[in-house]
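Novice: all I have is the shape, not the residue letters:
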């Protein structure tokens, strides 16, 4: 009976572990390199296998499946990084285009500039009466506006900077609150403050928009672009 010389007694699992050990020593080794090395050694193993003790097909298939999975994950990570990079560039362009635009964020600030101030109100239902109360920086009520009937959803209002007596108030920081009624019952109303974007800053957590006296707000916190 003839015998095969140079026969190896290593199993595919041992070959895989041997290659993996070498790969750890090289940071630049990729999943594709690992797969190529495995296939090269596997073919050598097949050529020199002992006919009386052939390779286990199940083990070979299992190792190939694991290598394909690693390679697939690496390709998926590369694709995701490319997508995230494209998204970041698109967001940067969009953020830069915000300069000079009016935006609305959650809040009740009502900055008065040039005797003009604007804000937003969102109602959860139709209202028979919507009353806006405006206060100065000290908390004193300076104006109460009856906006009448309003439909559910978002709407905007303007203030001319005058108090109850019709006197023109100085520009500065003011706040407002809202009370909405329907059939004598109060319904939920939320306030939105409006500011102008003067600058955009990029940070590790995203983009910040400079709204002047309102401070910096995250790009993701913008509710509407007006």
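Specialist: Received the coordinates, thanks. No experiment lies behind these values; they were computed from the predicted model shown. Residues are numbered from 1 along each chain as shown.
Novice: how is this structure partitioned into domains?
Specialist: 12-96, 102-225 (automatic domain parsing).
Novice: which of those domains comes out lowest on mean pLDDT?
Specialist: Confidence, taken as mean pLDDT, is least for domain 12-96 of those (a mean of 63).
Novice: didn't residue 199 look like it was pressed against residue 210?
Specialist: Yes: assessed by Cβ atoms under 8 Å, residue 199 is found in contact with residue 210 at 4.0 Å. Where you see a C-beta, it was placed from the backbone N, CA and C, and this is true even at glycine.
Novice: residues contacting stretch 152-168, please?
Specialist: 110, 112, 115-127, 132, 134, 142-145, 147, 169, 171, 174, 176, 192, 194, 224 (Cβ atoms under 8 Å, 6 or more residues apart in numbering).
Novice: helices of this structure, start to end?
Specialist: 12-24, 31-47, 57-96 (DSSP state H).
Novice: residue 199 and residue 210: who's more crowded?
Specialist: residue 210 (16 against 12; other Cβ atoms under 10 Å).
Novice: so who does the more buried one touch?
Specialist: Taking Cβ under 8 Å, 6+ apart as the test, what residue 210 contacts is 197-201, 216.
Novice: of those, which is the most crowded?
Specialist: Neighbour-wise, these (other Cβ under 10 Å) top out at residue 197, 21 neighbours.
Novice: quick check, it in contact with residue 101.
Specialist: Yes: applying Cβ under 8 Å, one finds residue 197 in contact with residue 101, separated by 5.5 Å.
Novice: and residue 193, what are its bridge partners?
Specialist: Bridge pairing for residue 193 (DSSP bridges) gives the partners residue 105, residue 119.
Novice: with residue 186 instead?
Specialist: Applying DSSP bridges, one finds that residue 186 bridges with residue 181.
Novice: over to residue 159?
Specialist: Here residue 159, judged by DSSP bridges, has bridge partners residue 117.
Novice: got it, and residue 168?
Specialist: So, taking DSSP bridges as the rule, residue 168 has residue 162 as bridge partners.
Novice: can you tell me how far it is from residue 78?
Specialist: Going from residue 168 to residue 78 by Cβ to Cβ, to the nearest Å gives 62 Å.
Novice: please apply the same query to residue 135.
Specialist: Residue 135 is 55 Å from residue 78, by Cβ to Cβ.
Novice: same check, this time on residue 105
Specialist: Distance from residue 105 to residue 78, by Cβ to Cβ: 36 Å.
Novice: residue contacts, residue 77?
Specialist: For residue 77, counting by Cβ under 8 Å, 6+ apart, there are no contacting residues.
Novice: what about the residue nearest to residue 195 when sequence neighbours are not counted, neighbour count?
Specialist: In space, and not counting its chain neighbours, residue 195 is closest to residue 211: 3.5 Å by Cβ to Cβ, 6 or more residues apart in numbering. A count of nearby residues for residue 211, using other Cβ under 10 Å, gives 23.
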